[in-house]
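In: my questions concern the predicted model and sequence given below.
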Amino acid sequence: MVHRTVPVTVDGMFVKVCGLRTEGDVAAAVDAGADAVGFIFAESARRVEVDVAKRLVAAVPSHVLSVGVFAWVPAAEAGEIALAAGVDAVQLHGDYPPEAFAELTGMRLIRATALRDDTELAVGAYGEEMLLLDSPMPGSGERWDLGLLARERPRGKWLLSGGLTPDNVAAAIAGARPWGVDVSSGVESSRGVKDHGLIREFVAIAKEQA
Ligand SMILES: O=C(O)c1ccccc1N[C@@H]1O[C@H](COP(=O)(O)O)[C@@H](O)[C@H]1O
């Protein structure tokens, strides 16, 4: 645990809104009913510095999970930044082996990966609390072939992500049947700039699908 122990109590579909950069973004996501909010520490137009993230995390109520998002950095480095920012959980994107997750024992973890033939689909296999299936280009707004889930799909706390929008999230949930969804690009007016109306719309539609 990084910041505080927040049991994830979910009302219907778990919804994470990611890439928040301002207090207004946090308020919009929380007021909309998001279960989790994400702050990007990876190379991105959405990246926030640790001191900014710390301020934003302080504005997240205790019933909402705050998540630090990292990509292809050493796990220990991600853990240090997460601790400094005070987020509740660490989301790791990349081909991290189980040993990398083991370095973060005690933290709440989200294992983020694109779906490939050899992807471990058992949620918790690497010690993670949630599994996130995303497009091969995280944060790009690109969709991926949900038909790949026909062969095998995860069970339990897994999140669908990659190119979701208010217009396509209902169909995506119906097809993939995830435990939760995660969005960034699809609730923006331009890259890195959140549209609060789209956040409200996305969360409301996703929550209706449970
Ligand atoms: O949002 C980013 O820029 C980003 C950068 C590096 C790793 C992950 C990133 N975001 C994650 O991507 C999905 C959202 O994807 P989309 O924009 O909705 O297609 C979400 O899991 C973010 O945490």
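Out: Cool, got the structure.
In: and Ile173, how many neighbours does it have?
Out: Using other C-beta atoms under 10 Å as the criterion, Ile173 is surrounded by 20 other residues. (Glycine included, C-beta is placed from N, CA and C.)
In: any idea how far Val169 is from Arg200?
Out: According to C-beta to C-beta, to the nearest Å, Arg200 and Val169 sit 13 Å apart.
In: who's more crowded, these two?
Out: Taking neighbours as other C-beta under 10 Å, Arg200 and Val169 compare with Val169 leading, 23 against 18.
In: OK, contacts around that one?
Out: Under the criterion of C-beta atoms under 8 Å, 6 or more residues apart in numbering, the neighbours of Val169 are 181, 183, 186, 202, 205-206, 209.
In: distance of Val37 relative to the ligand?
Out: To the ligand, Val37 is 10 Å away according to C-beta to the nearest ligand atom, to the nearest Å.
In: and the helix or strand hosting that residue, what does it pack against?
Out: Following DSSP states H and E, one finds Val37 within strand 36-40. Here strand 36-40 touches strand 14-17, helix 23-32, helix 50-58, strand 65-71, going by 3 or more C-beta pairs under 8 Å, 6 or more residues apart in numbering; DSSP states H and E.
In: please save the CA atoms from the longest one in PDB.
Out: Coordinates of the C-alpha atoms in helix 23-32 are reproduced here as PDB (Å, rounded to 0.1, in the frame of the first residue of the first chain):
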ATOM      1  CA  GLU A  23      -7.700  19.800  -9.800                       C
ATOM      2  CA  GLY A  24     -10.700  20.500 -12.100                       C
ATOM      3  CA  ASP A  25     -10.000  17.200 -13.900                       C
ATOM      4  CA  VAL A  26     -10.000  15.400 -10.500                       C
ATOM      5  CA  ALA A  27     -13.200  17.000  -9.400                       C
ATOM      6  CA  ALA A  28     -14.900  16.200 -12.700                       C
ATOM      7  CA  ALA A  29     -13.900  12.500 -12.500                       C
ATOM      8  CA  VAL A  30     -14.900  12.100  -8.800                       C
ATOM      9  CA  ASP A  31     -18.200  14.000  -9.200                       C
ATOM     10  CA  ALA A  32     -19.000  11.800 -12.300                       C
END
